[in-house]
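K.L.:
Everything below, folded, please.
(one chain, ligands or ions: 1)
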Amino acid sequence: MRLRFTKMHGLGNDFVVFDAIHQDVKLSREQCRFLADRHFGVGCDQILLVERPTVADADFRYRIFNADGGEVEQCGNGARCFVRFVHDKGLTDKKQIRVETKAGIIVPRLEDDGQVTVDMGVPRFEPKEIPFLTDKRASTYLLSVGAKIVEVSVLSMGNPHAVQVVDQVETAPVAHDGPLIEHHPSFPNRVNAGFMEVVSRDHIRLRVWERGAGETLACGTGACAAVVAGITRGLLAHRVRVATRGGELTVRWAGDNHHVFMTGPAVTVFEGEIEL
Ligand SMILES: N[C@H](CCC[C@H](N)C(=O)O)C(=O)O
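P.N.:
Residues are numbered from 1 along each chain as shown. Prediction:
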């Protein structure tokens, strides 16, 4: 089948986006891995499908597949690209849309300055979200990672995150410890591993080893998880600048059961067609 796609990115976290409303897009795990391959395919961190909603209170459904072909619950940078895509393609004229995901409804909004703000919902610490959690009151857990013990905050932004504080992100052992945490036996569904440097109460630097994709230049849900972890641990204010290798996001969270809001750019790079 010949499919039209759009190549997009949010701070260098890049995506192949398909309009699956006007095209019949059914991708196998192998086809996702081919599309994501930066030598033999198009190259991306995730593949995004734009579909009609299956629930009444949503405008669209949004499906996310990692470079390893696995379908996942949520993608923050992808949500910003999603709203730009449906707007630019004339699939909606709404500036704010309700998007059905595996993790529930998120609400991205196109801002007048071209940035996109996404209501990412409520961060969750519940055992059902993170199966191995026994004591949901604890905000950090000790993991044995290689020859050391690492203290991580564990939470869900719809997808699972384990966030640790490091002195300097640039020297953090992301490539070595990232995969060990991703595949740690404590996480039956694997996990995204965040490495956060606290610059000040309203500024962090962040690198993320993403589940199913490896280190990306930015991770939207990872930025939200890091800010929630930092606020929960008393290290951060309620509005934080998150510096990633691909650029800067702003994340806001008022604590408890308030929603997390993330603001950042969404860029279309090129249009293409591919025979699958
Ligand atoms: N790797 C993530 C999905 C993509 C998240 C990231 N690209 C973002 O912007 O939130 C996972 O397996 O949960």
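K.L.:
Pull up the pairing partners for the worst-scoring helix or strand of the chain on mean pLDDT, direction included.
P.N.:
Sorted by mean pLDDT, DSSP states H and E, the helices and strands of the chain end with strand 141-145, the least confident at a mean of 91. Partners of strand 141-145 in the sheet, by DSSP bridges, are strand 148-156 (antiparallel).
K.L.:
any residue of the partner strand up close to the ligand?
P.N.:
No - using Cβ under 6 Å from any ligand atom, strand 148-156 stays clear of the ligand, with a minimum separation of 9.5 Å. Yep, even glycine has a C-beta here, placed from its N, CA and C like the rest.
K.L.:
for that strand, what is the average pLDDT?
P.N.:
On average, the pLDDT along strand 148-156 is 93.
K.L.:
Near the ligand, which residues of this protein? Just list them.
P.N.:
Going by Cβ under 6 Å from any ligand atom, the residues of the chain near the ligand are 13, 45-46, 64, 66, 72, 75-78, 159, 192, 210-213, 216, 219-222.
K.L.:
before we move on, the earlier item: give me the contact list for the least confident helix or strand of the chain.
P.N.:
By Cβ atoms under 8 Å, 6 or more residues apart in numbering, the residues outside strand 141-145 that reach it are 133, 149-154, 162, 177, 180-181, 184, 186.
K.L.:
which one of these sits closest to D88?
P.N.:
A162 (35.1 Å; Cβ to Cβ).
K.L.:
So that closest one lies in a strand, does it not?
P.N.:
Yes - judged by DSSP: H, G, I helix; E, B strand; the rest coil, A162 forms part of a strand.
K.L.:
I181 is in contact with that one, correct?
P.N.:
Yes - A162 lies in contact with I181 (Cβ atoms under 8 Å); the separation is 5.6 Å.
K.L.:
anything in contact with each of those two?
P.N.:
Residues touching both A162 and I181 by Cβ under 8 Å, 6+ apart: L143, V152, F187, V191, A193.
K.L.:
top of the residues you listed by neighbour count?
P.N.:
The residue in those with the most neighbours, by other Cβ atoms under 10 Å, is A193 (31 neighbours).
K.L.:
In the stretch 1-150 of the chain, what residue spans correspond to helices?
P.N.:
Per DSSP state H, counting those that start in this stretch, the stretch 1-150 of the chain carries helices over the ranges 29-36, 76-88.
K.L.:
Using TSV, lay out these together with mean pLDDT.
P.N.:
Output for these, formatted as TSV (pLDDT from 0 to 100):
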stretch	mean pLDDT
helix 29-36	98
helix 76-88	97
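K.L.:
Give me whichever of those is most buried.
P.N.:
Ranked by mean neighbour count, the helices of the stretch 1-150 of the chain are led by helix 76-88 with a mean of 25 (mean count of other Cβ atoms under 10 Å).
K.L.:
Would you enumerate the residues in contact with G194?
P.N.:
H161, A162, V163, Q164, L206, R207, V208, C219, G222, A225, A226, A229.
K.L.:
An error on my part: the question was meant for L249.
P.N.:
Going by Cβ under 8 Å, 6+ apart, the list of residues near L249 reads L11, A218, G220, A223, R241, V242, M262, T263, G264.
K.L.:
quick one: low-confidence ranges for the stretch 101-250 of the chain?
P.N.:
126-139 (pLDDT under 70).
K.L.:
just the strands in it please.
P.N.:
Here the stretch 101-250 of the chain has its strands, by DSSP state E, counting those that start in this stretch, at 104-110, 116-119, 141-145, 148-156, 160-165, 192-200, 203-210, 214-216, 239-244, 247-253.
K.L.:
In TSV, list those along with distance to K26.
P.N.:
Below are these laid out as TSV (distance: least, Cβ to Cβ, whole Å):
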stretch	distance to K26
strand 104-110	24
strand 116-119	27
strand 141-145	38
strand 148-156	28
strand 160-165	27
strand 192-200	27
strand 203-210	24
strand 214-216	26
strand 239-244	33
strand 247-253	33
